[in-house]
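pasting the sequence and the predicted coordinates here, then a few questions.
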Amino acid sequence: MGMNITLEKQTLFNPRRNCGKLKGQVMFSFYGKGVKITAGKIASINERVATWHNAYMIHEWFMSNVDDGCGNGAVYGVEYWQLMELKSQIKTVLADREMAGKVLPNPSGEYDDAYFDTLRNIHDVLRKLRRGYYQYYEH
């Protein structure tokens, strides 16, 4: 089964600043039914950036650096600078595998190819991020 961590970018719409910029309707399918939303009523849009499966070392990092050790499946805001710090730590581990246990410890204690492949995947996602509001949750 395992654990998933999903990272999303949240775009907020301020009605005072964006007044008149969102016009018309947004149409999409939800459970096979067409749904229309008046564009001017959209407060935010969440875009899924990535979902990582069984990335327990990243779960530990988020618990230590973002959600004060809760790890309860709630949605937590994560600052862009925090994600850049994570990227930097991943880069350190990928450059020197001996640092893995100190920088991004795996609760299982295993530092196999799957661990480093996961870190490479996460690093690739993080290096493409742009400044903005992000949130993550576990499921």
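Cool, the structure landed.

got a pLDDT number for the closest residue to Gly77 other than its chain neighbours?
Excluding the flanking residues, the one nearest Gly77 by CB to CB, 6 or more residues apart in numbering is Gln135, at 5.2 Å. Using the backbone N, CA and C atoms, a C-beta is placed for each residue, glycine as well. Model confidence at Gln135, expressed as pLDDT, equals 94.

quick check: Gln135 is in a strand.
Yes - counting by DSSP: H, G, I helix; E, B strand; the rest coil, Gln135 is found in a strand.

distance check, it against Lys36.
Separation of Gln135 from Lys36 (CB to CB, to the nearest Å): 26 Å.

what's the answer for Leu104, then?
Relative to Lys36, Leu104 is positioned 45 Å away (CB to CB).

how about Gln10?
Noted for Gln10: a distance of 22 Å to Lys36, by CB to CB.

quick one on the thing from earlier: the more surrounded of Gln135 and Lys36?
Set side by side, Gln135 and Lys36 show more neighbours around Gln135, with 17 against 10, by other CB atoms under 10 Å.

contacting residues around the more buried one?
By CB atoms under 8 Å, 6 or more residues apart in numbering, the contact list for Gln135 reads 7-8, 10, 46, 75-78.

what's the local residue count around Lys102?
By other CB under 10 Å, the residues close to Lys102 number 11.

now do Ser64
The number of residues near Ser64, taken as other CB under 10 Å, comes to 12.

can you check Gln89 too?
For Gln89, using other CB under 10 Å, the count is 19.

next: the one 3 residues further on.
Here the number of neighbours of Thr92 (other CB under 10 Å) works out to 14.

so for it, what's the pLDDT?
Thr92 carries a pLDDT value of 98.

next, the contact list for it, please.
99, 103.

now swap in Glu98 and tell me
Glu98 neighbours (CB under 8 Å, 6+ apart): none.

next one: it from Pro107, what distance?
From Glu98 to Pro107 the distance is 18 Å (CB to CB).

do the same with Gly2
The value you get for Gly2 to Pro107, if CB to CB is used, is 13 Å.
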